[in-house]
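[1] Whatever this is, show me its structure:
(2 chains)
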2 protein chains.
Amino acid sequence: MATTPLIDGLTCPVPLTSTERVQLGHGSGGKMSASLFRERILPHFDNPALAVLGDAAVFRVPATELAISTDSFVVSPLEFPGGNIGSLAVHGTLNDLAMMGARPFCLTAGFVLEEGLPFDLLDRIVAAMAAAARRADVPIVAGDTKVVERGKADGLYINTTGVGVLHVGARPGPRGARVGDAILVSGPIGRHGMAIMATREGIGFETGIESDSASLWPVVAPLLHRFGPAIHVLRDPTRGGLASALNEIAQASGVGIELKESSLPIPGAVQAGCEMLGLDPLYVANEGILVAMVPEASATAALECMRADPLGVEAAIIGRVVAAHPGFVVLHTALGGTRIVDLLPGDQLPRIC
Amino acid sequence: MATTPLIDGLTCPVPLTSTERVQLGHGSGGKMSASLFRERILPHFDNPALAVLGDAAVFRVPATELAISTDSFVVSPLEFPGGNIGSLAVHGTLNDLAMMGARPFCLTAGFVLEEGLPFDLLDRIVAAMAAAARRADVPIVAGDTKVVERGKADGLYINTTGVGVLHVGARPGPRGARVGDAILVSGPIGRHGMAIMATREGIGFETGIESDSASLWPVVAPLLHRFGPAIHVLRDPTRGGLASALNEIAQASGVGIELKESSLPIPGAVQAGCEMLGLDPLYVANEGILVAMVPEASATAALECMRADPLGVEAAIIGRVVAAHPGFVVLHTALGGTRIVDLLPGDQLPRIC
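    Next up, the predicted model:
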């Protein structure tokens, strides 16, 4: 810390200046609000729509059938192996659009900042958001910042809302599962949740697990292009993990789901971490994989299609949709038994996204 | 509080059950998350797009030139005379769209809930959101809820994001002010901020001031219809009040702004409250008025157009756009003097919206 002479022979530490941390005044619509936006947000997100600084952004869509999705992110800790709340907030909303068969088109970002948040942390988070949006080629066109008192936002919360353009001819949805469908997963399960938990427990370095947080549109686009309406269901198994996503689909579609335990792609480190922490990998959150349900006849081709993308190289067929036990997910264990994989009542892992 | 017999002759208060307050488990994507959404949110917002419960909502727009706006709301207290955080969150985003000349088309709602938030308070807030959206005839098509630990969200924060359809032929914006324009305001100033401050200071009852929170589209639509591109600027002077909005416009348009103090519609109760609390009504937030800038020749007709709507009956012409002192707002006082109305550096009123 810099020091400045106060009286000859004495020095006094210079207090933290207003340029180092968020202050309450940054949220009040005056000069400080304007400079926070101009200096900390705009340079990262710069694009023509945002730079106008109006009350809203103007954009032109190439079609009139759209999808919209909103998600607030409250993950703790703010930074974790494989990403931070900023990249997660971008990927999460892009993926919600992609799961509807919609090409992500633009995003908005709403920040609730806590007084005292270090600017260098905010910078890293905003830079990660901008990088994630740029990689996905989706502009962040509108934003908003609010500031609350110290202790009232755990650093920061971010809302992202996205608009996408619906694919013509495919309408995947949670009600689309049909008896006879194969169930595919695009990659190994449990990495995001385990990366967060390992960081919280201080064992992040030992496990070496990184969050899988990523935009799934590059996996989705070829599937939609090639299989169209045969893509009955797409779902990213985030909060609540694979088990919760499959239960919701079984209930919404009125079908039964059978999983084969030996086919589940569970990384060794996730399995080990789950055993250490007493968790079930089926309920651990993912942020960069998807579940797809397609007719059995298309299953192998869809699997190859997924594996053609770097995000999908570990894709697997993990089960099938059946007429028996509608609304329930049943796991055929490696030892030859079966068990019901139920929806958890409450929280296995709070503040995971 | 209900009591239940524990041992003969003794009673024990029944503890608060899980049905009365938000719990951390409501945020984790399991059964409790699903029931929170189904029981507390969906019944209020019910519409076909939302009820599908997919990752995103599908909607069809009648045109391809759109506006999008996002805003997070952190107002404290959550309830105040004239509204609550829910109605404010709907009106705020509807108005941001309207100020771009866009007819609000659909909204999303993202909630960050604090563990322990009473369900009856949440119900009142969600009901007010739904009522505000219904009055404006704009559906809330997608939503999201997250839960954070007790003490980490001050009750709740709400993000709303809205999509609007741009008016053909009018493009009001902060850069649109032209020398010679008249400056109009659609109603009395300072009511929202003063209602909040009076509530915080415990003088809400005495002052009788209610927030002006309202959707401004009914005032904007006839202006756009009648005057089209002659509506150079529309702006709702929210955080930072009229002074901050006019400063931003003066800077963005590179013009000077002259205000006539005697023309400013300041309610007596706002003036009195400001004197009591040491505030300047020019900097006090508004949530249901707009500033419009139109060529002098259209000023009287635009004023009459505003006054035709119940929200605009107290509309007034408050000043003009000049070539002198570009980037600055100058007030001609009632006593014949002038003073510069500068942008405040920081917070006069934190957590106002």
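
[2] State the helix or strand in which A:Ala195 lies.
    For A:Ala195, the host element (DSSP states H and E) is helix A:191-200.

[3] same question for that helix, mean pLDDT?
    Averaged over helix A:191-200, pLDDT sits at 93.

[4] Now do the buried residues in that helix.
    A:Arg191, A:His192, A:Gly193, A:Met194, A:Ala195, A:Ile196, A:Met197, A:Ala198, A:Thr199 (16 or more other Cβ atoms under 10 Å in any protein chain shown). Where you see a C-beta, it was placed from the backbone N, CA and C, and this is true even at glycine.

[5] Check chain A for its longest strand and report it.
    The longest strand of chain A (DSSP state E) is strand A:102-114.

[6] Just the CA atoms of it, as CSV, please.
    C-alpha atoms of strand A:102-114 as CSV (Å, rounded to 0.1, in the frame of the first residue of the first chain):
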residue,chain,number,x,y,z
ALA,A,102,-33.4,-21.4,-30.8
ARG,A,103,-30.2,-19.8,-32.1
PRO,A,104,-29.0,-17.3,-29.5
PHE,A,105,-29.3,-13.8,-31.0
CYS,A,106,-28.6,-11.2,-28.3
LEU,A,107,-28.2,-11.0,-24.5
THR,A,108,-28.9,-8.4,-21.8
ALA,A,109,-27.0,-8.2,-18.5
GLY,A,110,-28.3,-6.9,-15.2
PHE,A,111,-25.9,-6.5,-12.3
VAL,A,112,-26.7,-6.2,-8.6
LEU,A,113,-23.3,-5.1,-7.1
GLU,A,114,-22.4,-5.1,-3.4
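
[7] any weak-confidence spans in the stretch 201-350 of chain A?
    By pLDDT under 70, the weakly predicted segments of the stretch 201-350 of chain A are A:204-205, A:346-348.

[8] all strands of it, in order?
    Taking DSSP state E, counting those that start in this stretch as the criterion, the stretch 201-350 of chain A carries its strands at A:233-235, A:256-260, A:291-295, A:316-322, A:329-332, A:338-340.

[9] Can you pull up the residues of the stretch 201-350 of chain A that come close to chain B?
    Within the stretch 201-350 of chain A, the positions lying close to chain B (Cβ under 8 Å from any Cβ of the partner chain) are A:235-236, A:238-241, A:244, A:248, A:252, A:285, A:343-350.

[10] From the residues you listed, keep the buried residues only.
    Neighbour counting by 16+ other Cβ under 10 Å classes A:235-236, A:238-241, A:244, A:248, A:252, A:285, A:343-344, A:346-350 among these as buried.

[11] Report how many residues lie close to A:Arg339.
    By other Cβ atoms under 10 Å in any protein chain shown, 12 other residues sit near A:Arg339.

[12] Name the nearest residue to it, ignoring sequence neighbours.
    Nearest residue to A:Arg339 in three dimensions, chain neighbours excluded: A:Leu331, at 5.4 Å (Cβ to Cβ, 6 or more residues apart in numbering or on different chains).

[13] What residues are bridge-paired with that neighbour?
    Using DSSP bridges, the beta-bridge partners of A:Leu331 come out as A:Leu259, A:Arg339.

[14] How much space separates it from chain B?
    Computed as Cβ to the nearest Cβ, to the nearest Å, the A:Leu331 to chain B distance reads 17 Å.

[15] what does A:Leu277 give?
    From A:Leu277 across to chain B, the span is 15 Å (Cβ to the nearest Cβ).

[16] Might one say that that residue is in contact with A:Met197?
    Yes - the criterion here is Cβ atoms under 8 Å, and A:Leu277 meets it with A:Met197 at 5.9 Å.

[17] how about the helices of the stretch 201-350 of chain A, start to end?
    A:204-207, A:217-227, A:241-253, A:268-277, A:299-307 (DSSP state H, counting those that start in this stretch).

[18] ok, back up a step: burial count for the residue nearest to A:Arg339?
    The number of residues packed near A:Leu331 is 21, by other Cβ under 10 Å.

[19] same check, this time on the one 3 residues further on
    Counted by other Cβ under 10 Å, the residues lying close to A:Ala334 total 11.
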